[in-house]
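**Q** One predicted model, sequence on top.
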Amino acid sequence: MIIEEAAETREANITAALFSSLEQIILVGDHMQLAPHADVLELSKPPYYQNVSLFQRLVERGLEHSTLQVQRRMAPDIRKLLSAWYPLLVDHPSTLDREAVPGMGSESLLWFNHQRPESSNRYCSKVNTFEADMIVGLYNHLVSNGTSPSEITVLTFYSGQKACIENGLRQTSSAGRLGPEVQTVDGYQGRENSIILISITGSSGDRTKPDAGFLNDLRRAIVALSRPDTF
């Protein structure tokens, strides 16, 4: 039996499939990325630990395992963002000659910083309209320079910001029904696209009380940063 995304699968779900006739099980996953979700917060605490997968437990107990060492997805500059957590990961030669994204010069990364604070919607989810407008503007720039909308995905950490970005895209003629997919980071694990636009929306805007929001969860940050192929 082969189980993909094993590091995101509850141990109980895997145990239920361990029939006596099973001769071998192969777990494929990354315990540095999203963990299993505990529907009730208390069940992620002792003695239950429903947010710890069988995959993670076995790796941390020293069970022999194989680790990916050559990556074929990300442009080198993007892969370097993850080198602190994947120090042995190296680039396959096929990643070294990726075509540049039209309209972005030779850059594989673009950071945009601002000091505009966000607000919370009626569901207490963070929203930053300035950042949403920036995402829509960058999307329009990419499409106007020849990038297909299907090659672009927008990720954010908050459902409120997701709705805000989708609303902004609906109002732009270049998006329409063929606009980019907009997803939360949690809903995009295991997937990839050529270009990923990330709306962080995590700072409170108060430098005396810094708050990185969901970015405090290292696993979510790793998922977000490792989704793009080219930009």
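**A** Okay, I see it.
**Q** Contacts for stretch 131-144, please.
**A** Here stretch 131-144 makes contact (Cβ atoms under 8 Å, 6 or more residues apart in numbering) with 101-104, 110, 112, 114, 116, 118, 149, 152, 154, 161, 164-165, 167-169, 172, 174-175, 179-180, 195, 197, 199-201. Using the backbone N, CA and C atoms, a C-beta is placed for each residue, glycine as well.
**Q** likewise stretch 161-175?
**A** So stretch 161-175 is contacted by 118, 121, 125-129, 131-133, 135-136, 139-140, 143-144, 149, 154, 156, 179-180, 182-184, 199, 201 (Cβ under 8 Å, 6+ apart).
**Q** Put the buried members of these into a ChimeraX selection.
**A** Those of the contacts of stretch 161-175 that count as buried under 16 or more other Cβ atoms under 10 Å are selected in ChimeraX with:
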select :118,125,126,127,128,131,132,135,136,139,143,149,154,156,179,180,182,183,184,199,201
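**Q** how about stretch 66-74: buried residues?
**A** Here stretch 66-74 shows 71, 73-74 as buried, counting by 16+ other Cβ under 10 Å.
**Q** Those residues in helices, which ones?
**A** Judged by DSSP state H, those include no members of helices.
**Q** Tabulate those (JSON lines), appending pLDDT and distance to Pro47.
**A** Below are the buried residues of stretch 66-74 laid out as JSON lines (pLDDT from 0 to 100; distance: Cβ to Cβ, whole Å):
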{"residue": "Gln71", "pLDDT": "96", "distance to Pro47": "37"}
{"residue": "Arg73", "pLDDT": "94", "distance to Pro47": "38"}
{"residue": "Met74", "pLDDT": "96", "distance to Pro47": "39"}
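**Q** which one of those residues is nearest Leu89?
**A** Nearest to Leu89 out of those is Gln71 (Cβ to Cβ; 5.5 Å).
**Q** Hmm, Thr95 and that closest one touching each other?
**A** Yes - judged on Cβ atoms under 8 Å, Gln71 makes contact with Thr95 at a distance of 7.3 Å.
**Q** who touches both of those two?
**A** Both Gln71 and Thr95 are in contact with Arg79, where contact means Cβ under 8 Å, 6+ apart.
**Q** Helix, strand, or coil at the nearest residue to Asn193 once chain neighbours are set aside?
**A** Nearest non-adjacent residue to Asn193, counting by Cβ to Cβ, 6 or more residues apart in numbering: Thr153, 4.2 Å away. Using DSSP: H, G, I helix; E, B strand; the rest coil, the structure places Thr153 in strand.
**Q** From Arg98, how far off is Thr153?
**A** The span separating Thr153 from Arg98 equals 17 Å under the rule Cβ to Cβ, to the nearest Å.
**Q** Neighbour count: these two, which is higher?
**A** Counted by other Cβ atoms under 10 Å, Thr153 and Arg98 do not tie: Thr153 has more neighbours, with 21 against 15.
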